[in-house]
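> Next comes the sequence, and after it the predicted model I'd like to discuss.
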Amino acid sequence: MLTDDVLPLALTGYGHFTTMRVDADHRIRGVSLHMDRLVADCRTVWGADLDTGRVRRFVRQALAGHRGPCVVRATIYDPAVDVAHPADADQPRVLVTVRPAGAMPPPPLRARSVPYERDLPQVKHCGLFGALHVRRAAQVAGFD
């Protein structure tokens, strides 16, 4: 069940994110680069500044009690976004999620090339339909 606060994110997919692998000791390699990406993308997507100290606090809170390597995703979205008037949304919020990490190093993968161009490729945005669709098609065809 989604709360009213994240429902617009689920319905529009309008936002941006960064995904970080967290070691067992809760260290994140390149965390400052992830924060730089979030700041730049927040300006591009929302025309707003982002408090990275706040993002880091939310990440630490989300990691409390987690053991072993995991993956943290910090998504920046605005619950006020509306399909008809997206420009009215300019107060982004932070959503942090945690999931288990895959094995490192990953096993060799069988790859399949397909032509694809992401909308606004300079921003790691939440609009993943196209990317997930081609990934699914590759997996159905026997690729990883």
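Good, I have the coordinates. Numbers count the residues shown, from 1 in each chain.
> Spatially central residue in this structure, please.
The centroid of the chain falls nearest to F17 when counting by Cα atoms, centre = their mean (3.1 Å).
> For stretch 137-144, which residues meet the burial criterion?
Using 16 or more other Cβ atoms under 10 Å as the test for burial, stretch 137-144 gives A138. Quick note: C-beta positions are derived from backbone N, CA and C, even for glycine.
> Output the helix ranked longest in the chain as PDB - backbone C-alpha positions only.
In the chain, taking DSSP state H as the definition, the longest helix is helix 31-46. Extracted in PDB, the C-alpha atoms of helix 31-46 (Å, rounded to 0.1, in the frame of the first residue of the first chain):
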ATOM      1  CA  VAL A  31      29.500   8.700  -2.000                       C
ATOM      2  CA  SER A  32      30.500  12.300  -2.800                       C
ATOM      3  CA  LEU A  33      30.100  11.500  -6.500                       C
ATOM      4  CA  HIS A  34      26.600  10.200  -5.800                       C
ATOM      5  CA  MET A  35      25.700  13.300  -3.900                       C
ATOM      6  CA  ASP A  36      27.100  15.500  -6.700                       C
ATOM      7  CA  ARG A  37      24.900  13.700  -9.100                       C
ATOM      8  CA  LEU A  38      21.800  14.200  -6.900                       C
ATOM      9  CA  VAL A  39      22.500  17.900  -6.600                       C
ATOM     10  CA  ALA A  40      23.000  18.500 -10.300                       C
ATOM     11  CA  ASP A  41      20.000  16.400 -11.300                       C
ATOM     12  CA  CYS A  42      17.900  18.200  -8.700                       C
ATOM     13  CA  ARG A  43      18.700  21.500 -10.300                       C
ATOM     14  CA  THR A  44      17.900  20.100 -13.800                       C
ATOM     15  CA  VAL A  45      14.600  18.300 -12.800                       C
ATOM     16  CA  TRP A  46      13.200  20.500 -10.100                       C
END
